[in-house]
Every structure is written in structure tokens, then in C-alpha cells.
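Chemist: For reference, the sequence and a predicted model appear below.
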Amino acid sequence: AADLRRLWAFGVLTDARVDAAQTPAGIAIVFAVAPEPRIAAVHGADAPELRRLRWLAGSPFEPKRIARIVREIEAAYLRDGYLDAKVAVRRSRDLDLCVSAHRGPQVTIRTLTFPGAHAVTPSMLLGVLHGKDVNRPGGTYDEQALDNDQLWLVNEYYERGMIDAKVG
């Protein structure tokens, strides 16, 4: 039963069952599986950033794989400043994939201020941010990079003896 659940967890089968038959050597266990059909075509993936979805044509239909690719494309849009980007993939009856992507407006940072910074100058704080094109005026916003940089921002205060400083 556990092996059968693991087979189903792959997400690439339309059917799976276990058959047991008595043989002179003992019981023979046979896993009978039916794979997902192959993807006939991919429509709507014309933009260069969607090319990974085009490559799925002819491969087995794997919902988990498709969802992972969609998450990676949306993450790339987010890194490029498209904070509202959405990619959707739907399966048609004849096993075509229909892709729709909406990037939304690109968001860039006009100004970056540190309103509570009194002991450390804003230019010093801006200098410790690690991204070249993110989290800087004229660049894009990257929440994860800013979370990572918070440690460096707090360190600027620690270096000046302000151990209880908080940056948020």
C-alpha cells in the first residue's frame, strides 16, 4: 500500500493498481500502471520567458512539473519588478496546454528613505544593501533580498554600540 501511494505521489499516472498472483515460487506482486498521456501542443507561450512551457509539448502531462515551472516564471517576473504577475496554465480536453500570462506594471523604486535613522546616515545604510539593481532608487523591489539585508542594516547600529537597535 505504501509503495502504491508513492507511485501516485509522482503525479504522472492516470491509473495504478497492485495485482497478486499465486505462483509455484510464491506470490508474484505486479504493479500495473497507466502513465499520463503526452501533451499534444502548448498554446499562448509565445513570450521568451515562457519558452520552458513550450518545451513541454510531446512530454507526459505532469501537473506538479507544470506548477513548478509556473512558480519559477512568476518568481522571475517578481525579480524583474512585476509584483502582480500571474501565469496560468489550463489543460484542454485534447491535451493541449493553454497558457495565459499577465505581467502587470513594472514597479521601480523612486526613492528609498530611512525615516528613523538618526545615529547612522541614510547613505551609510544604503551602502550596505547588497543588490546592484534591487532595493535601490531606480531598481526593483526584492522582498527576500531586503530581508537578507536587514542583518547588515542592524549591524551598522551594532557597530556603533546600539545593541538593541531594531530595523523593520
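Modeler: Right, received. Where do you want to start? Residues are numbered from 1 along each chain as shown.
Chemist: Give me the pLDDT for residue 166.
Modeler: We have a pLDDT of 84 for residue 166.
Chemist: ranges for the strands of the protein?
Modeler: In the chain, the strands defined using DSSP state E lie at 13-23, 26-35, 41-43, 86-91, 96-102.
Chemist: Could you dump the ones you listed into CSV with mean neighbour count added?
Modeler: No exception for glycine: its C-beta is placed from N, CA and C like everyone else's. CSV is the format used below for those (neighbours: other C-beta atoms under 10 Å):
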stretch, mean neighbour count
strand 13-23, 11
strand 26-35, 10
strand 41-43, 17
strand 86-91, 15
strand 96-102, 16
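Chemist: and residue 156, which of these is closest to it?
Modeler: strand 86-91 (37.3 Å; C-beta to C-beta).
Chemist: Who are the packing partners of the closest one?
Modeler: helix 63-79, strand 96-102 (3 or more C-beta pairs under 8 Å, 6 or more residues apart in numbering; DSSP states H and E).
Chemist: Could you check these and tell me which one is nearest residue 21?
Modeler: The nearest among the helices and strands packed on strand 86-91, by C-beta to C-beta, is helix 63-79 at 32.3 Å.
Chemist: average pLDDT across that closest one?
Modeler: 92.
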